[in-house]
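Asks: based on what follows, work out the 3D shape:
(one chain, ligands or ions: 1)
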Amino acid sequence: MEWLKIDPNVDPRELWELGVRLHGHRGPFLACGIRMGLLALRLLGSSGYSGIEAVAETGSTPPVSCLVDGLQLGCGCTTGKGNLKVVEGGRAAATFSAGERKVRIALRQEVARRILNGGAGEDQVDWVFSLPEEELFSWEQMQSS
Ligand SMILES: [Zn+2]
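Replies: Below is the predicted model:
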């Protein structure tokens, strides 16, 4: 099977309208998910879609779970292919693995708090896209089991 590739260095804004079309509204957690998925590809040296798995800790309660739809665009892991799982937790975080490599990426507490306190509205999307990755997320490489 021949898989498409995702360029992890693409400007995440280029995926935004596609994300909105999939998700249905302009939510900041959707933007966070797109950026998280692309970061995962870069950290794992993956070109997405296949050979990569994601486990999101968001649970299924919006707005935090909106992140999952962004993830699907950013890294190409999808529920339909079976390489995306969503577990309970209510955390804007996910663990990605590809081959021997594994990384857990979490939205920084202060960012999540600011989004939630601000009502998770459209007005926060530009801010999410403008933040440097290190200010948006924390991450740690893990031992693949
Ligand atoms: Zn949403």
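Asks: how about the residue nearest the centre of the chain: what's its closest non-neighbour residue?
Replies: For the chain, the residue nearest the mean C-alpha position is Gly33 (2.8 Å; CA atoms, centre = their mean). The shortest distance from Gly33 to any non-neighbouring residue, by CB to CB, 6 or more residues apart in numbering, is to Gly70 (2.1 Å). C-betas here are computed from N, CA, C, even on glycine.
Asks: which residues of the chain lie near the ion?
Replies: Within the chain, the positions near the ion by CB under 5 Å from the ion are 27, 66.
Asks: output the below-cut-off pLDDT ranges for the chain.
Replies: 144-145 (pLDDT under 70).
Asks: now the helices for it?
Replies: Using DSSP state H, the helices of the chain run over 16-23, 28-44, 67-75, 109-117, 125-130, 133-136.
Asks: distance to Met1 for those - can I get that in TSV?
Replies: Formatted as TSV, those follow (distance: least, CB to CB, whole Å):
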stretch	distance to Met1
helix 16-23	22
helix 28-44	19
helix 67-75	18
helix 109-117	37
helix 125-130	33
helix 133-136	31
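Asks: before we move on, the earlier item: so what's the residue nearest to the centre of the chain up against?
Replies: By CB atoms under 8 Å, 6 or more residues apart in numbering, Gly33 lies in contact with 19, 66-74.
Asks: by neighbour count, which of those wins?
Replies: Leu67 (31 neighbours; other CB atoms under 10 Å).
Asks: once you drop chain neighbours, what's closest to it?
Replies: Nearest to Leu67 is Gly33, by CB to CB, 6+ apart, at 3.9 Å.
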